[in-house]
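Peer 1: predicted model and sequence below, questions to follow.
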Amino acid sequence: SRDWLAALEAAGVPCGPINDMKTVFEDSQVRHRGLQVDIPHPAGVDVPTVASPMRFSETPVEYDRPPPLLGQHTREVLTAVLGKTDAELDALAARGVI
């Protein structure tokens, strides 16, 4: 990743790394600005998410719903987009595909 960034920057290509959530939350600027927000999820866990970097004195950002858990909407999406049946989804789940 560093090699690609260096090569692209040397060529004048605007770029930046694509970070996973762990790397994002370890970033000193993210920690300094308090950009990690842990939102309670109905499943009983707190889901870490990145806060808005913008701060408005009269209209603060409200975090009223958590991001989905990994796989939380898989069945709904595969049914709505691909028309998969419950039986097909069960078979995919049994094979570890979803």
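Peer 2: Arrived safely, thanks for sending.
Peer 1: report the contact partners of R31.
Peer 2: Shown in contact with R31 (C-beta atoms under 8 Å, 6 or more residues apart in numbering): F25. Bear in mind the C-beta positions are built from the backbone N, C-alpha and C, glycine included.
Peer 1: what's the helix or strand for it?
Peer 2: helix 28-33 (DSSP states H and E).
Peer 1: which of the residues in that helix are buried?
Peer 2: V30 (16 or more other C-beta atoms under 10 Å).
Peer 1: list the helices and strands the helix or strand of the chain with the lowest mean pLDDT packs on?
Peer 2: Sorting the helices and strands of the chain by mean pLDDT, DSSP states H and E puts strand 46-50 at the bottom, at a mean of 89. With contacts defined as 3 or more C-beta pairs under 8 Å, 6 or more residues apart in numbering; DSSP states H and E, strand 46-50 has these neighbours: helix 21-26, strand 36-40.
Peer 1: sheet partners, orientation included, of that strand?
Peer 2: Here strand 46-50 is paired, per DSSP bridges, with strand 36-40 (antiparallel).
Peer 1: could you look over the helices and strands packed on strand 46-50 and pick the most buried one?
Peer 2: Sort these by mean neighbour count, taking mean count of other C-beta atoms under 10 Å, and strand 36-40 sits at the top with a mean of 14.
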